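> sequence plus predicted model, see below.
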Amino acid sequence: MFESILCQVTDHDPEILESLIGSQSRLPGRSRGKAGGTLFTLGDENAVLARSRPLILDPLLGHPEASRHVTNLNLRGTIKELAQLDGGFVVSREGIVLSACCYLDAVAAQVDVPLGLGSRHIAAANMSAVTKAVGIVVSESSVVRIFCHGQLVGEIIPEVWMMDSATHLRGTTAKTEQVGELTILTPNLRQAS
């Protein structure tokens with residue numbers, strides 16, 4: 001479903017990455033009437049955990065791995081509720097959510113985050129620049145953005161009317177793909193080279 005993004009992020013298991021992106025692109029941006037947004041890192045979990053710290057006692061600690069796997073449909077509700085708290089989720093290369101409510105302490109790297117994106121996006125871009133992890137951010141508007149090697153490599157826009165205001169990959173530098181109601185934008189590598 002997300003082939004254009006999967007082509008940009010080749011270092012990770014496409015099934016795990018697609019499951020994580022897909023589950024987040026289907027979650028509404030609001031829970032209990034509050035705007036929601038969150039951040040995930042996928043892969044290079046030891047390096048990410050070394051550069052993060054818990055903001056609260058980890059609510060996922062001690063639960064079985066099968067319950068914390070990104071393909072587990074029961075995990076989606078838990079993630080949606082935990083996303084209302086501060087911090088991000090650290091996901092192993094194998095797709096196990098290792099930690100929730102983490103503060104990512106990646107030293108500001110030389111990343112090019114488009115203007116208008118906030119601290120969650122900067123943290124994801126920085127972490128993807130200083131580790132081999134992929135950063136996946138769900139903004140409060142439900143737009144999903146993927147960062148790899150410090151670069152924005154994909155945006156998933158949930159509603160067509162958001163195209164003009166929510167996108168940061170635009171024009172001839174972006175490839176647009178429609179998948180159902182989702183619009184997927186990725187850098188157009190032919191134009192960029």
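Here it is on my side, so go on.
> check which helix or strand covers the residue positioned nearest the centre of the chain.
Averaging the C-alpha coordinates of the chain gives a centre point, and the residue nearest to it by CA atoms, centre = their mean is I136 (1.1 Å). I136 is part of strand 134-138, with elements assigned from DSSP states H and E.
> same check on L98?
Going by DSSP H and E, L98 is in strand 97-104.
> now for that strand, which elements pack on it?
Strand 97-104 is packed against helix 45-50, strand 52-54, helix 75-82, strand 88-91, helix 119-130, with contacts defined by 3 or more CB pairs under 8 Å, 6 or more residues apart in numbering; DSSP states H and E. In this view, the C-beta of every residue, glycine as well, is placed from N, C-alpha and C.
> least confident secondary structure element in the chain?
Across the helices and strands of the chain, the lowest-confidence element by mean pLDDT, DSSP states H and E is strand 30-31, at a mean of 46.
> what sits against R93?
For R93, the contact set (CB atoms under 8 Å, 6 or more residues apart in numbering) comprises 12-13, 16, 42-45.
> could you do V91 as well?
When the contact criterion is CB under 8 Å, 6+ apart, the partners of V91 are 20, 40-43, 45, 70, 97-98.
> ok, now with 7 Å
V91 makes contact with 20, 40-42, 70, 97-98, according to CB atoms under 7 Å, 6 or more residues apart in numbering.
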